[in-house]
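**Q** Provided below are the primary sequence and the corresponding predicted coordinates.
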Amino acid sequence: MSKPLIMVIDTRTGTLSDAASTYALFQESAADLSVTLDIHRAAADAIIPIVALAASHRELLGVILLRSPEDPVPSRELEHYFEKTDFPVVELFLNSRGQHRRIDKPEADRKIIRTIYGRRERGVFWSIHFLLHANDYPYETLAYGTLDSQIGDLMLPAGAGPHPVVMLIHGGFWRDGYYRDSMHGIAADLAKKGIAVWNIEYRRVGESGGGFPESHRDVLLALNQLQELAKAHPLDLERVAVVGHSAGGYLSVWASSIPQGSLAEIMPEPQVPVRLGISLAGVTDLDEAYKHGGGEEAATHFLKSAAEDPSLRQALSVGYLHYAADTELILAHGSLDVYVPVELSEYTYEILQQRGIPAELLIFPDTDHNEFVDPASKEWQTIADRVVGALKKR
C-alpha cells in the first residue's frame, strides 16, 4: 500500500540553507508518520502552477502552506488559488503568525481549514498529523461560551444512541498556539468505536487569556455544556469520561473532580457526573512541575499569581483534588517521556493511594510522549479499550 501524499508549498523568503533545515524536519516527521511529502518553494503570488499540480494528484491528502508572519499576502487572498480544489489546506507559521488571522474551525467559504503557529519545529509534525486525520470522521464545531476559545468539535457515532461520551482535552504546555487538532485522530477512532466525542478548546496562556483560573473554568463549562448538547443529540450523560493528553491530562482529571472550599467559590458547579477520568502523559502535579520548571516554566505561566502560593499549588494538583466515590481515575504514562517526566504520574499515584482514592497507574515501557495521541499506536488502543469497556457498561 502506498503512503499518503501531502504537498508542502513554502512561500517564505529566506536563504536556501534555512529552508533546507526546515525541509529536513518535514522529512523526519513524514517518516515518523508514514507519509510521503512533495515540497515546493514559490512566492505566495506565484503558486498557481503548484496548486494545479497538487490538484492532479488523485491520492493527495492535502496541502501545507508554510508561511512567514511577514508575508504580505493574507490567507483570504491565497484561498482564491484553491477555489476549484477539493483537498484541505493548512497554514503553518513556525513561530508567530504576525497579523494574519488564526483559522480555528472549518467555514463553508474557506479552503484553509486550520492555522498552526507558535509551535516552532513541533509545528511541522502537528501540521502533518492534522492533515493525516482531518477527514477521518465528520464533526460539527459548536460553542460552549461566548469567547473565541470556548468551542469544541462534536463527533457522533453511527446508530440511534443514546451514546456514551468522551470529552477530550488537548495539551501543549497550556499555551496559545497549541489546540485541539492534536486530538483529532483519537477522537475519530473513538467515534468509530461507538463513542460520542466532545473535543474541546479552552483558554490558554497568551492572547486567549488562559491559565488559572480561566482554563480551569473553561473545562468545567465545556463539561456542563453536554447537558445542552444532549437536548439536540443522542448523548447518554450517565456514561461520561474525560480524557486529556499532557497539559490536558492535568485538566482532564481536574474536570473529573469536584472543587472544594475556596475553589468551589470561583468555579462553575459540575453538573455532569464523570465515570472515568484519564490522564495521558499528564502534568498531574502542578507543585512539582512548578519547582522543576519544565517546558520553559510552563506551570509557572499557567498558574500565574497562584505560582507564588505553595498551598494553592498543592490544592490544585491532581493528588489533592476531591472525586465522587464512583469516579475511576487512570494515570497513563510512557517510561521514556522526554517532555513530561513519568515521575509526575508516579508521585501523584502515590498520593492518591495514601488518601485512599481509587486510581490505576499504567506505565508503558519504551514509550515516549505522543504515542498516546496516535490512533494507530498500541498505547492508544490500550487506552481506547479501557474507555470503551468502562463506558459501554450500563
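**A** Structure's in. What do you need?
**Q** Ile186 - how many residues pack around it?
**A** Residues within reach of Ile186, counting by other CB atoms under 10 Å, total 29. Every C-beta, even on glycine, is put in place using the N, C-alpha and C of the backbone.
**Q** Tell me if it really is in a strand.
**A** No - secondary structure of Ile186 (DSSP: H, G, I helix; E, B strand; the rest coil): helix, not part of a strand.
**Q** OK, contacts around the nearest residue to it once chain neighbours are set aside?
**A** Once flanking residues are discounted, Ile186 sits nearest to Pro375: 5.1 Å by CB to CB, 6 or more residues apart in numbering. Each residue near Pro375 by CB atoms under 8 Å, 6 or more residues apart in numbering is listed here: 133, 136, 185-186, 188-189, 381.
**Q** make it 7 Å
**A** The neighbourhood of Pro375, defined by CB atoms under 7 Å, 6 or more residues apart in numbering, consists of 185-186, 188-189.
**Q** Need the pLDDT of it.
**A** With respect to pLDDT, Pro375 has a value of 95.
**Q** quick one, phi/psi of it?
**A** Note on Pro375: backbone dihedrals following degrees, to the nearest 10 are phi -60, psi -20.
**Q** Ok, Phe93 next?
**A** Dihedral pair for Phe93: phi -110, psi 120, per degrees, to the nearest 10.
**Q** any idea how far it is from Asp71?
**A** Remark: distance between Phe93 and Asp71 (CB to CB, to the nearest Å) = 9 Å.
**Q** and the two? which has more neighbours close in?
**A** Each of Phe93 and Asp71 has its neighbours counted (other CB under 10 Å); Phe93 has more, 24 against 20.
**Q** OK, contacts around the more buried one?
**A** 67, 69, 117.
**Q** What about the contacts of Pro375, which one has the most neighbours?
**A** Counting by other CB under 10 Å, Ile186 has the largest number of neighbours within these, with 29 neighbours.
**Q** And that residue, how close does it get to Pro259?
**A** Ile186 sits 27 Å away from Pro259, going by CB to CB.
**Q** Against which helices or strands is the helix or strand where Leu237 lies packed?
**A** Assigned by DSSP states H and E, Leu237 falls within strand 235-245. With contacts taken as 3 or more CB pairs under 7 Å, 6 or more residues apart in numbering; DSSP states H and E, strand 235-245 sits against strand 163-169, helix 226-232, helix 247-255, strand 276-280, helix 378-392.
**Q** which stretch among those comes nearest Lys304?
**A** Closest to Lys304 of the helices and strands packed on strand 235-245, according to CB to CB: helix 247-255, at 14.6 Å.
**Q** Now Tyr137: closest residue in space that isn't a chain neighbour?
**A** Closest to Tyr137 by CB to CB, 6+ apart is Ala188, at 3.6 Å.
**Q** Please determine how far that neighbour is located from Ala255.
**A** Note on Ala188: its distance to Ala255, by CB to CB, is 21 Å.
**Q** could you pull out the helices for the stretch 201-350 of the chain?
**A** Using DSSP state H, counting those that start in this stretch, the helices of the stretch 201-350 of the chain run over 214-224, 226-232, 247-255, 261-266, 286-292, 294-303, 310-315, 342-354.
**Q** winner for burial among those?
**A** Highest mean neighbour count among the helices of the stretch 201-350 of the chain (mean count of other CB atoms under 10 Å): helix 247-255, with a mean of 30.
**Q** mind exporting that one as PDB, just the C-alpha atoms?
**A** Once non-C-alpha atoms are left out, helix 247-255 reads as follows in PDB (Å, rounded to 0.1, in the frame of the first residue of the first chain):
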ATOM      1  CA  ALA A 247      -1.100  19.600  29.900                       C
ATOM      2  CA  GLY A 248      -4.600  18.400  29.100                       C
ATOM      3  CA  GLY A 249      -4.000  15.300  31.100                       C
ATOM      4  CA  TYR A 250      -4.000  17.500  34.200                       C
ATOM      5  CA  LEU A 251      -7.200  19.300  33.100                       C
ATOM      6  CA  SER A 252      -9.000  16.100  32.400                       C
ATOM      7  CA  VAL A 253      -8.600  14.900  35.900                       C
ATOM      8  CA  TRP A 254      -9.400  18.400  37.200                       C
ATOM      9  CA  ALA A 255     -12.600  18.200  35.200                       C
END
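**Q** just to revisit the earlier point, name the surrounding residues that touch the strand holding Leu237.
**A** By CB under 7 Å, 6+ apart, strand 235-245 touches 162-171, 183, 196, 223, 226-227, 229-230, 251-252, 255-256, 272-282, 372-373, 387, 390-391.
**Q** among those, which ones are buried?
**A** 163-171, 183, 196, 223, 226, 229-230, 251-252, 255-256, 272, 274-282, 372-373, 387, 390-391 (16 or more other CB atoms under 10 Å).
**Q** Pass me the low-pLDDT residue ranges in this protein, would you?
**A** 1, 15, 394 (pLDDT under 70).
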